[in-house]
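1. Can you look at this prediction? I've put the sequence above it.
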Amino acid sequence: MKIVILDGHCANPGDLSWKTLEEFGELTVYDRTSKANVVERARDADVILTNKVTLRSDVLNKLPKLKYIGVLATGYNIIDTDAAKKRGIIVCNIPAYSTNSVAQMVFAHILTITNRVEHYTAQIREGRWSRNPDFCYWDTPFHELAGKTIGIVGLGDIGCRVARIAHEFGMDVYAFTSKNASDLPECIRKTTMEGLLAVSDVLTLHCPLTESTREMINKDSLKQMKRGAILINTARGPLVNEQDVADALSSGYLAAYGADVMCAEPPSEDNPLFGVPNAYLTPHVAWATIEARRRLVNIAVANVKAFVDGVPQNVVNK
């Protein structure tokens, strides 16, 4: 059996190992694969693992030996799952491997915005504190999270983890979710999207990207938010209209935007968010702790083993 990893670098830039996969067949690992090289590299593969390399029907039709696609992520919109199903190709993903890591990044962004550690560290390195006449100084406002309201869009694994952490910070937790209110923990209050926008001091997005959620945060929904609210996005970039968010930041209506995802990745140098100081951006690394990536590799291997054993797991195109 031939196993091909099309873009293994991001999940494993060298600090982990794919070697366990060699138990199941001949393994070839590419750091990156361009669209033009996919068919050539995967033509004889029985098993393909991919993170961001797309596999649509036109490509799948040129891979006659392919029997299994393992997505090295939770989201699997890069795969034409219907076309794969028609071809009898099993598609598996890796659910919930990064829940703690992404939830941690949510609060890294929130605390960056409320406590401004990076701002003060930069000033201190330039001598500001050393020149100060008093034992302390501040030139930005500070706010406690306790007593503030956090609104969570989507209560999957990550949204639920964020809710629990927020509750421990003493925040009031509201959520827009398809789950029944009676099934939620006592600390979470279900509301409508409009209600969520209206009450949230911090609004954080944890829903999938669909046609109904694409640009759900836009100039109209931003107007429904509290003036001075904080917006966090560690889910998918296109959940927001970046120009509308940049405009709301520039006007002062939105206090800050903390995002680990962008509409285009990597983003263009003229992205409107780069021109506003209260946009706090990280390069899609919330999932990338060593612990989460190790878990990802282990689950990817376990998925392949389950497929080889005839009992595939985490199948997304049943």
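-> Alright, I've got the coordinates. Please read all numbers here as calculations on a predicted model, not as lab measurements. Residues are numbered from 1 along each chain as shown.
2. Show me where the stretch 201-318 of the chain dips below the pLDDT cut-off.
-> The stretch 201-318 of the chain contains no residues with pLDDT under 70.
3. ranges for the strands of it?
-> Taking DSSP state E, counting those that start in this stretch to define them, one finds strands in the stretch 201-318 of the chain at 202-205, 229-233, 254-259, 279-281.
4. Output these as a markdown table; include the columns distance to Ala96 and mean neighbour count.
-> Heads up, the C-betas are built off the backbone N, CA and C, glycines and all. Formatted as a markdown table, the strands of the stretch 201-318 of the chain follow (distance: least, C-beta to C-beta, whole Å; neighbours: other C-beta atoms under 10 Å):
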| stretch | distance to Ala96 | mean neighbour count |
| --- | --- | --- |
| strand 202-205 | 18 | 26 |
| strand 229-233 | 20 | 25 |
| strand 254-259 | 22 | 23 |
| strand 279-281 | 25 | 19 |
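5. For the ones you listed, could you give me TSV that also reports distance to Val304?
-> TSV is the format used below for the strands of the stretch 201-318 of the chain (distance: least, C-beta to C-beta, whole Å):
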stretch	distance to Val304
strand 202-205	32
strand 229-233	32
strand 254-259	33
strand 279-281	35
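6. To Arg32, which of these lies closest?
-> Arg32 lies closest, by C-beta to C-beta, to one member of the strands of the stretch 201-318 of the chain: strand 279-281, at 22.8 Å.
7. Tell me the helices and strands packed up against the closest one.
-> helix 99-115, helix 242-251, strand 254-259 (3 or more C-beta pairs under 8 Å, 6 or more residues apart in numbering; DSSP states H and E).
8. okay, these in CSV with distance to Leu21 next?
-> Output for the helices and strands packed on strand 279-281, formatted as CSV (distance: least, C-beta to C-beta, whole Å):
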stretch, distance to Leu21
helix 99-115, 23
helix 242-251, 38
strand 254-259, 34
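9. so which of these is the most packed in?
-> strand 254-259 (a mean of 23; mean count of other C-beta atoms under 10 Å).
10. Can you tell me the strand partners of that strand and which way each runs?
-> strand 229-233 (parallel), strand 279-281 (parallel) (DSSP bridges).
11. Pipe the ones you listed into JSON lines and attach distance to Leu197 per row.
-> Below are those laid out as JSON lines (distance: least, C-beta to C-beta, whole Å):
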{"stretch": "strand 229-233", "distance to Leu197": "9"}
{"stretch": "strand 279-281", "distance to Leu197": "19"}
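12. How many residues are close by the nearest residue to Val199 once chain neighbours are set aside?
-> Nearest residue to Val199, sequence neighbours excluded (C-beta to C-beta, 6 or more residues apart in numbering): Thr149, at 5.1 Å. When neighbours are defined as other C-beta atoms under 10 Å, Thr149 has 19 of them.
13. Quick check: Tyr174 touching Leu155?
-> No. With contact defined as C-beta atoms under 8 Å, Tyr174 does not reach Leu155; the gap is 10.8 Å.
14. what residues are shared contacts of these two?
-> Ile188 (C-beta atoms under 8 Å, 6 or more residues apart in numbering).
15. rewinding a little: out of the helices and strands packed on strand 279-281, nearest to Tyr280?
-> Nearest of these to Tyr280, taken as C-beta to C-beta: strand 254-259 at 4.6 Å.
16. and the host helix or strand of Arg164, which residues are buried?
-> Per DSSP states H and E, Arg164 falls inside helix 157-168. Neighbour counts over helix 157-168 (16 or more other C-beta atoms under 10 Å) mark 157-163, 165-167 as buried.
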